[in-house]
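J.: This is the structure alone, sequence omitted:
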């Protein structure tokens, strides 16, 4: 049969975005319940209400399945729109990080994967490559915009600045388990601007 006469692939032969989205959400939800060590393709497929084949057509291992879900659902959270103000951008970044850490699903997944990665070099490398590095690149863009606007010094140590911005909130929420309100986020924003040497605090 000529190429003109061939029919387009059916849904069984293509990767439907709707199913991929459902699998990404199901992966994180299952992770929150079982933890990475007990995560299975069967469990994710059951939660997403699809067959196991739908998972294996996309990802041959649970690590790849997990990284795909994190890349799709977690990385974009760090993408803060340009408000035109470093103060507003920092405040928005803190709010996004806060909402991520207190979310019932993400809040359970983050410490579990961090713990699992401590004993699995392959997982640790994949987490950095697929999640950590892309999130830091998005956060770096916030600082680069501020440097171009003259709000931050041109010789800013970006790597140190990124650690300083994320560190206090992560420590308070993920380690100390102390609640955070809007007043704390406002105060932390002001403190961070001073720590970064912002031109206007």
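T.: Nice, thanks for sending it over. As the structure is a prediction and not an experimental result, all values here were calculated from the model.

J.: Where do the domain boundaries of this protein fall?
T.: 11-61, 74-196 (automatic domain parsing).

J.: Flag whichever of the ones you listed has the least confidence on average.
T.: Lowest mean pLDDT within the domains of the chain: domain 11-61, a mean of 91.

J.: any idea how far it is from the chain center?
T.: 18 Å (CA atoms, centre = their mean, to the nearest Å).

J.: who's in contact with residue 51?
T.: residue 45 (CB atoms under 8 Å, 6 or more residues apart in numbering). (C-beta placed from N, C-alpha, C; glycine too.)

J.: separation between it and residue 19?
T.: The gap separating residue 51 from residue 19 is 10 Å, by CB to CB, to the nearest Å.

J.: for residue 60, helix, strand, or coil?
T.: Under DSSP: H, G, I helix; E, B strand; the rest coil, residue 60 falls in the coil class.

J.: what's the spacing between it and residue 53?
T.: Residue 60 is 12 Å from residue 53, by CB to CB.

J.: How about residue 194?
T.: Note on residue 194: its distance to residue 53, by CB to CB, is 55 Å.

J.: likewise residue 119?
T.: Using CB to CB, residue 119 is found at 30 Å from residue 53.

J.: likewise residue 43?
T.: 15 Å.

J.: next one: residue 66
T.: In terms of CB to CB, residue 66 sits 19 Å off from residue 53.

J.: between the two, who's got more neighbours?
T.: Neighbours were counted for residue 66 and for residue 53 using other CB atoms under 10 Å; residue 66 has more, 27 against 11.

J.: element containing the more buried one?
T.: helix 62-73 (DSSP states H and E).

J.: buried residues in that helix?
T.: 62, 63, 65, 66, 67, 68, 69, 70, 71, 72, 73 (16 or more other CB atoms under 10 Å).

J.: Please name the nearest non-neighbouring residue to the spatially most central residue of the chain.
T.: Against the mean C-alpha coordinate of the chain, by CA atoms, centre = their mean, the closest residue is residue 74 at 2.6 Å. Distance criterion CB to CB, 6 or more residues apart in numbering; nearest residue to residue 74, sequence neighbours excluded, is residue 131 at 5.9 Å.

J.: same check, this time on residue 164
T.: residue 195 (5.7 Å).
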